[in-house]
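Peer 1: structure of the sequence below:
(4 chains)
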4 protein chains.
Amino acid sequence: MEETIQEESNVLIFLDRRRSYLVKVEKDKDLHTHKGFIRLKDLIGKEYGARIKSSLGTEFVALKPSIRDYVFKMARKTQIIYPKDIALIVMFSGIQPGSQVVEAGTGTGALTTALASYVKPSGRVYSYEIRPEFIQTAKKNLEKAGVAEYVEIRNQDITQGIQEKGIDSVVLDLATPWLVIPHAYSALKGSGSLVSFSPTMDQVVKTVEALEETGFVDIETVECLLRGIQAIRGKTRPETLMTGHTGYVTYARKAALPEPISTENEAKK
Amino acid sequence: MEETIQEESNVLIFLDRRRSYLVKVEKDKDLHTHKGFIRLKDLIGKEYGARIKSSLGTEFVALKPSIRDYVFKMARKTQIIYPKDIALIVMFSGIQPGSQVVEAGTGTGALTTALASYVKPSGRVYSYEIRPEFIQTAKKNLEKAGVAEYVEIRNQDITQGIQEKGIDSVVLDLATPWLVIPHAYSALKGSGSLVSFSPTMDQVVKTVEALEETGFVDIETVECLLRGIQAIRGKTRPETLMTGHTGYVTYARKAALPEPISTENEAKK
Amino acid sequence: MEETIQEESNVLIFLDRRRSYLVKVEKDKDLHTHKGFIRLKDLIGKEYGARIKSSLGTEFVALKPSIRDYVFKMARKTQIIYPKDIALIVMFSGIQPGSQVVEAGTGTGALTTALASYVKPSGRVYSYEIRPEFIQTAKKNLEKAGVAEYVEIRNQDITQGIQEKGIDSVVLDLATPWLVIPHAYSALKGSGSLVSFSPTMDQVVKTVEALEETGFVDIETVECLLRGIQAIRGKTRPETLMTGHTGYVTYARKAALPEPISTENEAKK
Amino acid sequence: MEETIQEESNVLIFLDRRRSYLVKVEKDKDLHTHKGFIRLKDLIGKEYGARIKSSLGTEFVALKPSIRDYVFKMARKTQIIYPKDIALIVMFSGIQPGSQVVEAGTGTGALTTALASYVKPSGRVYSYEIRPEFIQTAKKNLEKAGVAEYVEIRNQDITQGIQEKGIDSVVLDLATPWLVIPHAYSALKGSGSLVSFSPTMDQVVKTVEALEETGFVDIETVECLLRGIQAIRGKTRPETLMTGHTGYVTYARKAALPEPISTENEAKK
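Peer 2: I've put the predicted structure just below:
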């Protein structure tokens, strides 16, 4: 039942949260750190979680990378989305194994990776990205995280339309989400969810207005403040440094267009 | 591709967030609300998302319940965990479709439902609950949410031991999580994750101490503050009411016990 | 040095934060509470801080009212400002004993009371209020808190102008602060401060724009989240209930209009 | 009514919040900055708020330093207390012009400066500091801020006793506030306030326990989160960086020791 590290396995060589290295195990490769080097071939055949000393005697742990690790380590060519926000997006969207999801923009694939990891194995993420230069990076990142097969990247402008129909959820992390709302409405199943992530209040207001005009209900916007806690006996306190803002998460569900069916009329007959 | 509402379907009859009703569609049943009644048979054959007027002319929407809806509507016999915290627990734990998860305590099954919905179809949640009176409620709730087949409830005291081995993740929401840490260590795969949710700082400190002593690494504790935003043009502001505290989420990963393997020694040969 | 309670003294009859009563001691008056009545004449000659049992045997404490108590107890005809925000306004404004302050609107006089209590004895608060119905209430509240002599209430529309000059600080808590900015600029001394309190982002943006256009510098906006802590050994945690939002505090200082004097030119001569 | 800058005046040469310089105007002195130098004698005779160009043409503003500026600029030999926390301490303590206040520890005098500025002209701050090396710095800072005459610094260990009696308020910012509580009780007037600032939960719990045992009432603990807001039309959002924690503010008021006087007994006679 225990998994052992193989050649080609991805491993997170972990010292602490800030000093951890996501590497692919290759026989002839060393990982060089400020605390000495590690011969990656030494890891082969070990269980994940193994402790390994560097050439300078510092102890690292060979962890199995989680989705959160992959997201953290993705090339920072765009501002990536924080795990706390991904967590909310996944929960609010109602995404499940098997879900059909449309996402935009792909960027470096951080959010795409997370979404794909929750819809697998039978679901799919259709990820729209207008900037060709990001698509190669995103594909590499999806490959690395092992979720590329659950994703279709579309090099199209999602503000011009969405080609999928009967979608469970639309997830937006782009500059003008309000331009996508009518297309999202068409793409979504009845009762399907839309979740949008935006840094500014102005984006949120425009998006909420578009949702209200288009026939969405159950619209809400939240922000999530995550605070680290130093849990040490006799020194317990929140941590001094904190991210004060990343963005707002807006959520809604598709309702049918009027005319509603009516219990009232039935009653009158 | 569109799903239609059937007899026996679960439907969320939605007016607004506070006035929404999770019902099973039955031919001869009416839903009575303060805004009039709805004949549930009128919904049969309609798509999810359909708008329906009550006998008093108020428009409701027939939404398809999400996991978040099920969690919200669960019988409040215990203090249930908030979706924001479930979201963090799922993300931090690294739980994925296919994961093997141990959870305690079951309570009314709110967190169990959420975990099960992410590990399905091939994963399993082994949920420990010492209080027999909760088990029937939890089973009913899991049935209702359609995830009972992915859960095994164990009427056992998890502070006395965990019978599973090679587990991917242990998730704790109970009064004395620190008593479970050594058992969690034995149950987990190398590099497996532990996530614990506790309302008080004192619980967190004891849990973190137990994690450090037992051989876990990458230990961190966070709290999540969720704030609603009123996104109305010209009146944009956070909402006045806010939950100030639910609990702390503590996270860790299992490392092997020392002795570490050593690149240093290898190098010396 | 100890002060004793006299006839006509204001006393806060305190059971807990929610059940405390601000009364004037009168010989023939009883205070009736859900926990029994208290004969106020029994307090005469006692020191502040005295414990007193009600007719039903419940122990109350006879505290000397602080400015915060007066502010809390003011008639809630308008939404009063919270002590946390008053505290920030006082600190940011740089108000000191002796300061000359212009304030608007007076409302029921809660913020006025606090400002007056910090500028006394030699400073003054000039408080503008357009609605006559508030002025009587405000005057009564200022009298009660013992600060009426440090306040001049002006039944004038501050958006039409400020008659004072050479003011140290302008403090605004009204719906359209941006309309007051040019008048505030004229009323303020060089380097004088302006502090504005507004519930919505839209008000803040308009106010900040007006400040920038008018010649203010050091402009900043903050919000303050106050969270109660339950500090009980073994049960330490933030409190569940919290106010999520009251308003934003915007701060600025008056700079001279260009043209600046120039060290450069001096240097060239 | 306008104040002009004189020789020996303190001036805050302001570019932005981070690049501002608190200087004393001297005829022969230049202020050198990364944006060029400023001849301080050019400021003499100008009004506060004057704009002045540096030798490189950058415009600065010559502001009149506020108490907040002095606190910010104090030598950072100890961790100084934040203005947001000073603001709460002042408001909660009920400190007013004329108040008699005991404070500890003095440190570099940041909090002392603020307290003195609110009790002046007739009040006094008695500030205890056990470490002689801080006292000279504190005195210099108090002189600079112009409040030295309202402060008496006592080079004594406040955990051993407080020599003053009939004090209005005791303000504590030291490592072991709980050791001072009984002395504070003796020093305070009836109904007098105690406010303590501590970074850790453990300190707070011990302090609250000591307060409860000693005869204080109305005990509460809060934390204050201050978040900067970027108020720019079309880009409105909270700022990314935020201080996640400074410390907890605990507040209480002195009640008389039992035995309480009793309305009940009176009633029975």
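Peer 1: state the mean pLDDT of the helix or strand where A:Arg51 lies.
Peer 2: Here A:Arg51, judged by DSSP states H and E, is contained in strand A:50-53. Mean pLDDT, strand A:50-53: 94.
Peer 1: pairing partners for it, with directions?
Peer 2: Using DSSP bridges, the strands paired with strand A:50-53 in its sheet are strand A:59-63 (antiparallel), strand B:261-262 (parallel).
Peer 1: tabulate these (JSON lines), appending mean neighbour count and mean pLDDT.
Peer 2: Every residue, glycine included, has its C-beta placed from N, CA and C. JSON lines is the format used below for the strands paired with strand A:50-53 (neighbours: other Cβ atoms under 10 Å in any protein chain shown; pLDDT from 0 to 100):
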{"stretch": "strand A:59-63", "mean neighbour count": "25", "mean pLDDT": "95"}
{"stretch": "strand B:261-262", "mean neighbour count": "17", "mean pLDDT": "63"}
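Peer 1: nearest to A:His245, of these?
Peer 2: A:His245 lies closest to strand A:59-63 among the strands paired with strand A:50-53, at 29.9 Å (Cβ to Cβ).
Peer 1: give the other helices and strands that the very next helix or strand once past the closest one contacts.
Peer 2: Using DSSP H and E, the helix or strand that directly follows strand A:59-63 along the chain is helix A:67-73. Packing partners of helix A:67-73 (3 or more Cβ pairs under 8 Å, 6 or more residues apart in numbering or on different chains; DSSP states H and E): strand A:20-24, helix A:83-93, helix A:110-119, helix B:83-93.
Peer 1: change it to 7 Å
Peer 2: When contacts are defined as 3 or more Cβ pairs under 7 Å, 6 or more residues apart in numbering or on different chains; DSSP states H and E, helix A:67-73 sits against helix A:83-93, helix A:110-119.
Peer 1: kindly provide the distance from the nearest residue to A:Gln203 once chain neighbours are set aside to A:Val208.
Peer 2: Distances taken as Cβ to Cβ, 6 or more residues apart in numbering or on different chains put A:Pro177 closest to A:Gln203, at 6.6 Å, once the chain neighbours are dropped. Here the distance between A:Pro177 and A:Val208 works out to 10 Å (Cβ to Cβ, to the nearest Å).
Peer 1: could you do A:Arg19 as well?
Peer 2: Taking Cβ to Cβ, one finds A:Arg19 at 41 Å from A:Val208.
Peer 1: quick one, which of the two is more surrounded?
Peer 2: Neighbour count, other Cβ atoms under 10 Å in any protein chain shown: between A:Arg19 and A:Val208, A:Val208 has more, with 26 against 13.
Peer 1: confirm that the more buried one sits in a strand.
Peer 2: No. Applying DSSP: H, G, I helix; E, B strand; the rest coil, one finds A:Val208 to be helix, outside a strand.
Peer 1: that one - nearest residue in space that isn't next to it in sequence?
Peer 2: B:Ala231 (4.4 Å).
Peer 1: before we move on, what about A:Ser117?
Peer 2: If the residues on either side of it in the chain are set aside, A:Ser117 comes closest to A:Ile67, at 4.7 Å by Cβ to Cβ, 6+ apart.
Peer 1: name whatever forms a beta bridge with A:Val102.
Peer 2: Beta-bridge partners of A:Val102, counted by DSSP bridges, are A:Tyr126, A:Val170.
Peer 1: list the contacts of it.
Peer 2: Applying Cβ atoms under 7 Å, 6 or more residues apart in numbering or on different chains to A:Val102 gives the contacts A:Tyr126, A:Ile162, A:Glu164, A:Ile167, A:Val170, A:Ala187.
Peer 1: near chain D, which residues of the stretch 151-269 of chain A?
Peer 2: Residues of the stretch 151-269 of chain A lying close to chain D by Cβ under 7 Å from any Cβ of the partner chain are A:199-202, A:227-228, A:234-245.
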